[in-house]
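Participant: give me coordinates for this.
(one chain, ligands or ions: 1)
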Amino acid sequence: MSAPRAAGGRVPFGARLAAAMDAHGPLCVGIDPHASLLDAWGLGDDAAGVREFGLRVVDALGGRVAAFKPQAAFFERHGSAGVAALEDVIAASRAVGTLTVVDAKRGDIGSTMGAYADAFLADGSPLAGDAVTVSPYLGFGSLAPAAELAARTGRGIFVLCLTSNKEGHEVQHAVGPDGVSVAAAVAAQAAVLNAGAEPMGSVGLVVGATVGDAALETGTDLVAVNGPLLAPGVGAQGAGERELAAVFGAARRHVLASSSRGVLAAGPDADGLRAAAAAAAADARAALRA
Ligand SMILES: O=c1ccn([C@@H]2O[C@H](COP(=O)(O)O)[C@@H](O)[C@H]2O)c(=O)[nH]1
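Facilitator: Numbering: from 1, shown residues only. Down below sits the predicted model:
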C-alpha cells in the first residue's frame, strides 16, 4: 500500500486527537446502548431509545472527554431507523466539538472497502465521524481505500491488532513463515503509513487494555507505530490503571483508553455520567501520562 497523501489543508486526525487527549485526558467514552442499559435508563429497546441514549451521553459529556466511540452494532440492530439514530448521534457529537470514533470494524476486499470508506470517512457522509475502526483480516493492503480517504479528509482509522477478547489470540498471535506474528505485521504496516508524522499519525491500532504482555509475546512494536492506540477493555472488562500501564509501557503517551459500560452504568443522570467519566479519565491519565 502506498503512503496516504497529506490531508489538504486540514489538521490530520492524529494531531487533533493528541490535542484532545492533552486537553481532556486520554479517555474515550463508548456509546453502547445495550438493552439492559436502555431499560435502566427508562428507554425503549428501539431506534428512538438508542437515539435518545446517545444524545443524552453527548449532552452530558460533550466537550468534557477526548472522544466518543459509538458502537455501530447497537444502532444497526434496529435497522434503518437505528442507523438514522447513529447519524444523529454522530452529528450531535460533531456539533459539540468532541471527536467521534465510529466503532464499525469494517473490512472487505479493496473495491468494497472503498464503499465502506465512503460511508464512514467521506466528507458529507452522515455516518462519517473523525475515525472508524477497521479489520485487517482480509489483508492489511485491502484497507488502502480507507487509509487513503482518511488521509485526504483529515480523518483516521483504527486497525484491529490485539483485541481485548480472549479469542483474538488464535488469529493475532499466529506466526507466519517469516517468523512474524500477525499482530506484529499489522503494527509494522501501520508504522509505515505513520512515518514522520507529528505529533503522531492518523493510522491507529486497537490494542485491548486486557491483553497483558501480548505485545511482548507477539513481538509487536507499539512505540514504532507512531499512531494512536485505542485501548478498549477498561471498566466492565476488568482493566484499570495497573493494566493500562503494564500493557502499553513506553507507548503509553499515544494511548486512548476506552470505557463504555464502566461509564454508562452511572447514567442516566448527567452528573453521575460526568463523575464516572472524570474518574475514568483521571485513572487513565495517572496510568498513561505519569
Ligand atoms: O478489542 C476490542 C475492540 C473493540 N471493543 C469494543 O469496545 C467496547 C467495549 O465496551 P465495554 O462496555 O467498555 O466493555 C465495545 O463496543 C466493544 O465492541 C472491545 O471491547 N474490544
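
Participant: and the spatially closest residue to residue 13 that is not a sequence neighbour, how far from the ligand?
Facilitator: Residue nearest to residue 13 in three dimensions, not counting chain neighbours: residue 156, with 3.3 Å by CB to CB, 6 or more residues apart in numbering. Using the backbone N, CA and C atoms, a C-beta is placed for each residue, glycine as well. Distance, residue 156 to the ligand, by CB to the nearest ligand atom, to the nearest Å: 15 Å.

Participant: again with residue 246
Facilitator: 17 Å.

Participant: tell me which element the nearest residue to residue 267 once chain neighbours are set aside is part of?
Facilitator: Distances taken as CB to CB, 6+ apart put residue 273 closest to residue 267, at 4.9 Å, once the chain neighbours are dropped. Using DSSP states H and E, residue 273 falls within helix 270-288.

Participant: please apply the same query to residue 104.
Facilitator: In this structure, residue 104 sits in strand 99-106 according to DSSP H and E.

Participant: what is that strand packed up against?
Facilitator: With contacts defined as 3 or more CB pairs under 8 Å, 6 or more residues apart in numbering; DSSP states H and E, the packing partners of strand 99-106 are helix 13-24, strand 67-70, helix 72-76, helix 79-96, helix 110-121, strand 131-134, strand 156-162.

Participant: touching the third one from outside, list them.
Facilitator: Helix 72-76 is contacted from outside by 32-34, 47, 50, 54, 82-83, 85-86, 89, 102-104, using CB atoms under 8 Å, 6 or more residues apart in numbering.

Participant: at 6 Å what do you get?
Facilitator: 32, 33, 50, 82, 85, 86, 104 (CB atoms under 6 Å, 6 or more residues apart in numbering).

Participant: just the longest one next, same as before
Facilitator: Helix 79-96 is contacted from outside by 47, 50-51, 54-55, 58, 62-63, 68, 70, 75-76, 100, 126, 129, using CB under 6 Å, 6+ apart.

Participant: next, the angle helix 110-121 makes with that helix.
Facilitator: Here helix 79-96 runs at an angle of 50 degrees relative to helix 110-121 (axes from the mean of the first three to the mean of the last three CA atoms, to 10 degrees).

Participant: need the helices and strands packed on strand 99-106 in JSON lines (columns: distance to residue 257).
Facilitator: Shown next, in JSON lines, are the helices and strands packed on strand 99-106 (distance: least, CB to CB, whole Å):
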{"stretch": "helix 13-24", "distance to residue 257": "10"}
{"stretch": "strand 67-70", "distance to residue 257": "10"}
{"stretch": "helix 72-76", "distance to residue 257": "20"}
{"stretch": "helix 79-96", "distance to residue 257": "18"}
{"stretch": "helix 110-121", "distance to residue 257": "22"}
{"stretch": "strand 131-134", "distance to residue 257": "15"}
{"stretch": "strand 156-162", "distance to residue 257": "13"}
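
Participant: now the ones you listed as TSV including mean neighbour count and mean pLDDT?
Facilitator: Rendered in TSV, the data for these read as follows (neighbours: other CB atoms under 10 Å; pLDDT from 0 to 100):
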stretch	mean neighbour count	mean pLDDT
helix 13-24	21	98
strand 67-70	27	98
helix 72-76	21	98
helix 79-96	18	98
helix 110-121	19	97
strand 131-134	27	98
strand 156-162	28	98
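
Participant: go through those and name the closest to residue 284.
Facilitator: Closest approach to residue 284 among these (CB to CB): helix 13-24, 9.1 Å.

Participant: next secondary structure after the closest one?
Facilitator: strand 27-31.

Participant: the inter-axis angle of that next one versus strand 99-106?
Facilitator: Using the same axes, to 10 degrees: strand 27-31 against strand 99-106 is 60 degrees.

Participant: distance of residue 39 relative to the ligand?
Facilitator: 16 Å.

Participant: name the element that residue belongs to?
Facilitator: Element membership for residue 39 (DSSP H and E) is helix 35-40.

Participant: average pLDDT for that helix?
Facilitator: In this model, helix 35-40 has an average pLDDT of 98.

Participant: in the sheet, who's paired with the closest residue to residue 57 other than its chain neighbours?
Facilitator: In this structure, residue 57 finds its nearest non-sequential neighbour in residue 31, 5.1 Å apart by CB to CB, 6+ apart. Assessed by DSSP bridges, residue 31 has beta-bridge partners residue 70.
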